[in-house]
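Visitor: Here is the input, now give the coordinates:
(2 chains)
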There are 2 protein chains.
Amino acid sequence: MNWYLENGKDSDVVLSTRIRLARNISNIPFESKCSKEDMKKVIDKMKTANIGYNLKLLMLKDMDEITKLSLVEKRLISPEFIRDRNADGAILINDEENICIMVNEADHLRIQVFSAGLETKSLLDLAIELDEKINKSIDYATNEKYGFLTSCPTEAGTGMRASVMVHLPGLTETGNIRKVLDIINSFGMNIRGMYGEGSTSQGDIYQISNKQSLGITEKDIIKNLELITEKIIEQERLARKHLGKNTIELEDTVYRAFGILNNCKKITLSEARSLMSKVKLGTDLGIIKEMTDSKIRKLDLYIKNANLQKYLGKSIDEYEQDIKRAEVIKQIIAED
Amino acid sequence: MNWYLENGKDSDVVLSTRIRLARNISNIPFESKCSKEDMKKVIDKMKTANIGYNLKLLMLKDMDEITKLSLVEKRLISPEFIRDRNADGAILINDEENICIMVNEADHLRIQVFSAGLETKSLLDLAIELDEKINKSIDYATNEKYGFLTSCPTEAGTGMRASVMVHLPGLTETGNIRKVLDIINSFGMNIRGMYGEGSTSQGDIYQISNKQSLGITEKDIIKNLELITEKIIEQERLARKHLGKNTIELEDTVYRAFGILNNCKKITLSEARSLMSKVKLGTDLGIIKEMTDSKIRKLDLYIKNANLQKYLGKSIDEYEQDIKRAEVIKQIIAED
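Guide: From the prediction side, this is the model:
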């Protein structure tokens, strides 16, 4: 099963964990200096690298628009990747989609591994395994002082970004979210809305990631992220407990959201996200009996524009998307 | 069955029709001059009048507060009646509650008959029958020039007020309601929000009634009211047809209202009324499959504060009413 349809550790708060390693190949120019021929060389090297893990190499240019956007929505690839490297980019991906290596993104390689819930250690093991497998046939660009070299200097050293996606409706509702976000920042972590840099939160979802990648070990990056995430989980659960004291208000809020989702005949993605946040909260707290974690996971995925069209198996315009989104939501809720 | 739980002619627009005859007894002083002893005389005369129709005489002072308010909510008695005549007022009422005579309201007698839907002729027959039955044992105060005398001069002559309650969500939605209300006024009819004089409409419900009661026959009052009501029905149905062209918008609006009503855990009367208006529209147009006319009728009644408490068989405070209202709505919707 795809990792994003499963539940993981602390899934009431943590939606997913991702580790990303930026790697570049020695003797091939970096990003802006990297010619079309250079990029072809990178692809060819990856084709013959024999990494295993049932990874398939897919060229971006061979994929249809909806498929590419559906990968962005799943956060398996970056929006910039399709925009800037559509002709020369590729991915190596497995069926479970918990491994996705972007080839010719900002770096030659961005090795990414994903998991539902808070699973940093096993995820780091998998990332390192993959890294070493690739390194067997490919020489990385490194420097004795800095470690791995990257196109953006802030990523050099370990070349690692570890991030967790957290759902914080409790802290949002109690009004303590601002304070918590400030604390995360003061601990040297980045916190952002759902779709990366600069974006605001939708559906009370935030991404926490390490700022520092140089002069720190991979294990310490992971340890820091795990520590801060555990604090946030604790705070979010406290906030939910606090909300739970005023039970009828909370029940009313989450069931109204459920009632609209299950009865509307058209709905925008933005409204659906905001209602889903409340329904997920109600489900996590055991209030909404009609829902399960797995339905939440499916809904979270298929309300999104491109994945909705994937679900339907056809391309439809924006107006039609709002109508079909309402239909699909009702269908998924009604599933056994 | 109680008349207000049944459907009648043109019930998609007309919720109810009422005819009221104001009568005073000769040789007993009117309203402000009417002493406690005088009022007792009026009651005694009604006790011995032997009108039939299985009417029971109930003194206001013997009724509990919730029962009295529930009668106001059903529009069987006026709010002023409980406030001003609580010690000396009485009603004569039958089990179906389609006959309710207020004794010692502004006039000695206000003979009222009710029906679901637009049923003016049979209703007028019933009112006249009752009037004549009472007149057999009681002499009315009349005047050759003016006809029946009333405490308020504007009611003299026939002493008759005929009114229909109409539900106009279509005209409200298309924005044509103002124009239609102006036309009704120009035809010499009163139009008001749901709870009589001065109140604004709640749930898109309006009451239309005759202004003139002097120098016109009962039959002509009825004819005029019926004519203007038929025009309004026509306009409202046209508006709904127009809305129906934009089907998905309309379906979305009415099903969202249904979704909230069927899922909320607390709800104020005011919000419930506004949502019920949409749900009734959706049911009348055959859009909402989960509802029936009879459930709409029950909901319309039992969402109201006092009738809600009647339904539950106990007195509860305002906060609890909002919670129980949500429960009762869900129960009634779920009935077979």
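Visitor: What is the burial count for the nearest residue to A:Ile303 once chain neighbours are set aside?
Guide: Spatial nearest neighbour of A:Ile303, chain neighbours left out: A:Ala272 (4.5 Å); criterion: C-beta to C-beta, 6 or more residues apart in numbering or on different chains. The C-beta positions use only the backbone N, C-alpha and C, and glycine is treated the same way. Counted with other C-beta atoms under 10 Å in any protein chain shown, residues neighbouring A:Ala272 total 26.
Visitor: how about A:Ala272, what does it touch?
Guide: A:Leu261, A:Ile303, A:Arg325, A:Ile329 (C-beta atoms under 8 Å, 6 or more residues apart in numbering or on different chains).
Visitor: Please tell me I have it right and the third one contacts A:Ile267.
Guide: Just to be clear, that refers to A:Arg325. Yes - contact criterion C-beta atoms under 8 Å: A:Arg325 and A:Ile267 qualify, at 5.5 Å.
Visitor: Which one's more surrounded, the two?
Guide: Per other C-beta under 10 Å, whichever of A:Arg325 and A:Ile267 has more neighbours is A:Arg325, with 26 against 23.
Visitor: okay, A:Ser16: pLDDT?
Guide: Note for A:Ser16: predicted pLDDT of 96.
Visitor: So it lies in a helix, does it not?
Guide: No - secondary structure of A:Ser16 (DSSP: H, G, I helix; E, B strand; the rest coil): strand, not part of a helix.
Visitor: okay but it is in contact with A:Val164, surely?
Guide: Yes - applying C-beta under 8 Å, one finds A:Ser16 in contact with A:Val164, separated by 7.1 Å.
Visitor: ok, the two, which is more surrounded?
Guide: More neighbours surround A:Val164 than the other of A:Ser16 and A:Val164, with 27 against 22 (other C-beta under 10 Å).
Visitor: how distant is stretch A:69-82 from the center of its chain?
Guide: 9 Å (C-alpha atoms, centre = their mean, to the nearest Å).
Visitor: Give me the distance between the two termini of that stretch.
Guide: 8 Å (C-alpha to C-alpha, to the nearest Å).
Visitor: would you put the C-alpha positions of stretch A:50-60 in PDB?
Guide: Presented in PDB, the C-alpha positions along stretch A:50-60 are these (Å, rounded to 0.1, in the frame of the first residue of the first chain):
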ATOM      1  CA  ASN A  50      21.400  -0.600 -10.400                       C
ATOM      2  CA  ILE A  51      20.100   0.600  -7.000                       C
ATOM      3  CA  GLY A  52      17.500  -2.000  -6.500                       C
ATOM      4  CA  TYR A  53      14.400  -1.400  -4.300                       C
ATOM      5  CA  ASN A  54      12.300  -1.900  -7.500                       C
ATOM      6  CA  LEU A  55      12.900   1.700  -8.400                       C
ATOM      7  CA  LYS A  56      11.600   2.700 -11.900                       C
ATOM      8  CA  LEU A  57      13.000   5.600 -13.700                       C
ATOM      9  CA  LEU A  58      10.400   7.900 -15.300                       C
ATOM     10  CA  MET A  59      11.200  11.000 -17.400                       C
ATOM     11  CA  LEU A  60       9.100  14.000 -16.500                       C
END
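Visitor: And for that stretch, what's in contact with it?
Guide: By C-beta under 8 Å, 6+ apart, stretch A:50-60 touches A:43, A:46-47, A:68, A:81-82, A:85-95, A:99, A:101, A:103, A:130, A:133-134, A:137.
Visitor: which parts of the helix or strand that contains A:Glu271 are buried?
Guide: Assigned by DSSP states H and E, A:Glu271 belongs to helix A:269-284. By neighbour count with 16 or more other C-beta atoms under 10 Å in any protein chain shown, helix A:269-284 contains the buried residues A:269, A:271-273, A:275-284.
Visitor: Equivalent analysis for stretch A:10-30, please.
Guide: Across stretch A:10-30, burial judged by 16+ other C-beta under 10 Å covers A:10-25, A:28, A:30.
Visitor: again with stretch A:238-257
Guide: Under 16+ other C-beta under 10 Å, the buried positions of stretch A:238-257 are A:Ala239, A:Arg240, A:Leu243, A:Leu250, A:Glu251, A:Asp252, A:Thr253, A:Val254, A:Tyr255, A:Arg256, A:Ala257.
Visitor: For the residue in the stretch 101-250 of chain A that chain B sits nearest to, which residues are in contact?
Guide: Closest approach between the stretch 101-250 of chain A and chain B, counting by C-beta to the nearest C-beta: A:Ile248, at 5.7 Å. Each residue near A:Ile248 by C-beta under 8 Å, 6+ apart is listed here: B:Lys265, B:Lys266, B:Ile323.
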